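Chemist: Turn this into a structure:
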Amino acid sequence: MKNSSEHTEPTDNQSNQPQTTSVEKENTYWESLKKKRIQKKITLEDLSLRTKINVRYFEAIERGDFSALPETYIRLFLKTYARELGLDFEEILSHTPESIQKKPKVPVATIQAHENTKPFRIRSRRKRNPLLLLSGVVIIAAAVIVFEYYHNTSNNLVSTALTDTLVQTTLRDDAEVIQVSNDMENLDPDDETILTQPYTIEILPEENLIYLLQVNNERSRENLIQKNINHSITLNSPFKLKIFQPDKCRIMINQQILPVKTHKPVVIQVDESGKLTLFGSAQ
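Modeler: Numbers count the residues shown, from 1 in each chain. Presented below is the predicted three-dimensional model:
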């Protein structure tokens, strides 16, 4: 007769069954996002053309590799990816590391009531001194004049040095060379503008946009500019600048506004002699 207290030993199949780790679950989640994109018949190139964000950043998202993304723009890239695919941004964000999910806390100031404050107070009316009123008007007028002066003056100053600005850009690993494509032409062939060094480039974006910058024979530099944040670059060498959404920003070089109205990419070139040439689509 068998003893009922005997324990059943686990079979070999049960003891050797692999268990799914949390890392594998996360990898499977990011792979599922890629499958959803493919089901919607949207390529990474389509996303890049719509958002002006490099393809390699979307590839890193679908691998769950956040070390390959610029730390400042990780949340922006994730939100853009979710919006273009019709996905829930908060749900995607919940699968990222805690350092990405956290938002800076803003301290809230509290106002304490004074202990001796009375609920009602009767104040006697005093006669207003006209000299005090006049003095107040003069002070306000003087403040407005000073503000306008410094506001107008600041627009004519270069606030960003060469090293301070270029450190924000990212050297492209694929060493892309900015070239003038066959569908581009000189937008102003009669203009013979010659610039003097240093070359001060100012970009005032209305929307988030990406530009490429090539200085001499260096590899191309890439930068994402957030809307309504003025961007300034100072160079002492020939360069090529490619703007992908020129109709969404105002471009100035040495305080000269470039007449760019097309929505297609443009290439701005300054050669060794300082000659400025603007290439783009005439349509």
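Chemist: How is this protein partitioned into domains?
Modeler: As assigned by automatic domain parsing, the chain contains the domains 21-101, 162-280.
Chemist: any idea which of the ones you listed scores lowest on pLDDT?
Modeler: For these, the weakest mean pLDDT is recorded on domain 162-280, namely a mean of 81.
Chemist: Could you dump the domains of the chain into CSV and include distance to residue 136 and mean neighbour count?
Modeler: For the C-beta atoms, the positions are set from N, CA and C on the backbone; glycine is no exception. Output for those, formatted as CSV (distance: least, C-beta to C-beta, whole Å; neighbours: other C-beta atoms under 10 Å):
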stretch, distance to residue 136, mean neighbour count
domain 21-101, 44, 14
domain 162-280, 34, 16
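Chemist: Turn those domains into TSV, including distance to residue 134.
Modeler: Output for the domains of the chain, formatted as TSV (distance: least, C-beta to C-beta, whole Å):
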stretch	distance to residue 134
domain 21-101	51
domain 162-280	39
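Chemist: Quick one, which of those gets closest to residue 144.
Modeler: Ranking the domains of the chain by proximity to residue 144 (C-beta to C-beta) places domain 162-280 first, at 23.0 Å.
Chemist: where exactly do the strands run in the chain?
Modeler: Using DSSP state E, the strands of the chain run over 170-171, 185-186, 199-205, 209-215, 221-225, 231-235, 239-243, 249-253, 256-257, 266-270, 276-280.
Chemist: Residue 102 is nearest to which of these?
Modeler: strand 221-225 (21.7 Å).
Chemist: ok and that closest one relative to strand 249-253, angle-wise?
Modeler: Relative orientation of strand 221-225 versus strand 249-253 (axes from the mean of the first three to the mean of the last three C-alpha atoms, to 10 degrees): 130 degrees.
Chemist: which one of the strands of the chain lies closest to residue 38?
Modeler: Closest to residue 38 of those is strand 209-215 (C-beta to C-beta; 24.8 Å).
Chemist: so what does the closest one touch, helix or strand wise?
Modeler: strand 221-225, strand 239-243 (3 or more C-beta pairs under 8 Å, 6 or more residues apart in numbering; DSSP states H and E).
Chemist: who does the last one touch, helix- and strand-wise?
Modeler: Judged by 3+ C-beta pairs under 8 Å, 6+ apart, the packing partners of strand 239-243 are strand 199-205, strand 209-215, strand 266-270.
Chemist: try the first one
Modeler: If contacts are counted by 3+ C-beta pairs under 8 Å, 6+ apart, strand 221-225 sits against strand 170-171, strand 209-215.
Chemist: before we move on, the earlier item: compile the strands of the chain into JSON lines and extend it with columns for distance to residue 43.
Modeler: What follows is the strands of the chain, written out as JSON lines (distance: least, C-beta to C-beta, whole Å):
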{"stretch": "strand 170-171", "distance to residue 43": "23"}
{"stretch": "strand 185-186", "distance to residue 43": "29"}
{"stretch": "strand 199-205", "distance to residue 43": "26"}
{"stretch": "strand 209-215", "distance to residue 43": "18"}
{"stretch": "strand 221-225", "distance to residue 43": "21"}
{"stretch": "strand 231-235", "distance to residue 43": "30"}
{"stretch": "strand 239-243", "distance to residue 43": "22"}
{"stretch": "strand 249-253", "distance to residue 43": "27"}
{"stretch": "strand 256-257", "distance to residue 43": "37"}
{"stretch": "strand 266-270", "distance to residue 43": "25"}
{"stretch": "strand 276-280", "distance to residue 43": "26"}
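Chemist: Just the pLDDT at residue 102, thanks.
Modeler: Residue 102 carries a pLDDT value of 75.
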